[in-house]
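J.: Following is a predicted model, sequence given first.
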Amino acid sequence: MQGVVKVYDPETGVGVIVRDDDRSEVLIAPGSLAGSLFRTLRQGQRVVFDLEDQDGREVATRMRFGSDGY
């Protein structure tokens with residue numbers, strides 16, 4: 001999945017991504033940058049991420065660089 005960072009708080013690790021495919025907003029799960037090349041995210045930054053179901057809603061996890069086949 002690809003999208004653009006709408007907002008990100010580096011202290012809490014929480015933020016929002018706007019998905020490219022349907023322009024819906026997805027919560028960035030705390031800890032999603034763990035193990036990635038990203039140290040932080042900035043508004044407007046393009047990211048590739050996975051979607052995971054947490055407590056009945058989709059959240060963005062596993063952030064990475066690249067086009068992921070798109």
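T.: Nice, thanks for sending it over. This is a predicted model, so every value here is computed, not measured.

J.: low pLDDT regions in the protein?
T.: Filtered on pLDDT under 70, the chain yields the residue ranges 65-70.

J.: can you give me the helices for it?
T.: Counting by DSSP state H, the chain has no helices at all.

J.: can you pull out the strands in it?
T.: Remark: strands assigned in the chain by DSSP state E are 2-9, 14-19, 25-28, 46-54, 57-64.

J.: if we look at the third one, which residues are touching it?
T.: Under the criterion Cβ atoms under 8 Å, 6 or more residues apart in numbering, residues 3, 5-6, 8, 13-19, 41, 49, 51, 57-60, 63 lie in contact with strand 25-28. Placement of C-beta: from N, CA and C, glycine included.

J.: ok, and for it, which residues are buried?
T.: Using 16 or more other Cβ atoms under 10 Å as the test for burial, strand 25-28 gives 26, 28.

J.: re earlier: so which of the strands of the chain is nearest A34?
T.: Closest to A34 of the strands of the chain is strand 57-64 (Cβ to Cβ; 8.9 Å).

J.: For D20, which non-adjacent residue is spatially closest?
T.: Q2 (4.6 Å; Cβ to Cβ, 6 or more residues apart in numbering).
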